[in-house]
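In: can't give you the sequence, but here's the structure:
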């Protein structure tokens with residue numbers, strides 16, 4: 001392996017999403033549920049804790065991979081907004097979740113991030129336990 005590639009990888013920006021992959025998953029659940037409860041949005045109790053984790057990972061990884069294809073970096077707060085949006089989709093209709101995720105990821109790769117996703121969702125106040 002080329003030494004420059006090793007150095008290049010170490011310079012990759014680290015995100016809360018990256019960090020969250022190494023922390024207990026219940027922290028992610030608490031952060032999103034706390035935000036949702038405070039703001040009366042998804043994920044509600046209609047989504048199990050395991051589903052929160054699965055959606056978080058599925059959507060987060062899909063958009064991170066798409067951002068790499070675009071040679072872009074998605075900030076944590078934008079990624080949180082995207083994930084929040086997909087909690088809402090999942091609650092509305094679980095059966096269309098995967099199709100909508102594919103459509104949105106493909107759209108991001110082709111034309112960039114939708115204006116709704118460019119907003120930020122700061123969950124730092126709900127990560128007080130870290």
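Out: Noted; the coordinates are in hand. It should be emphasised that the depicted structure is a prediction, and the values quoted were computed from it without experimental measurement.

In: identify the residues contacting the biggest helix by length in the chain?
Out: Using DSSP state H to define each element, the chain has its longest helix at helix 49-69. Outside of helix 49-69, the residues that reach it under the criterion Cβ atoms under 8 Å, 6 or more residues apart in numbering are 17, 20, 25-26, 28-29, 32-33, 43, 47, 73-74, 79, 82-83, 86-87, 90, 97, 101, 105, 108-109. Glycine gets a C-beta too; all of them are placed from N, C-alpha and C.

In: now the helices for the protein?
Out: Using DSSP H, the helices of the chain run over residues 3-10, 16-20, 25-39, 49-69, 76-92, 97-111.

In: list the buried ones in the longest one?
Out: The neighbour-count criterion (16 or more other Cβ atoms under 10 Å) identifies 49, 51-53, 55-60, 62-63, 66-67 as the buried residues of helix 49-69.

In: and which of those residues is nearest to residue 123?
Out: Among the buried residues of helix 49-69, residue 56 lies closest to residue 123 (Cβ to Cβ), at 11.0 Å.

In: need the winner for burial among the helices of the chain.
Out: By mean neighbour count, with neighbours taken as mean count of other Cβ atoms under 10 Å, helix 76-92 ranks first of the helices of the chain at a mean of 20.
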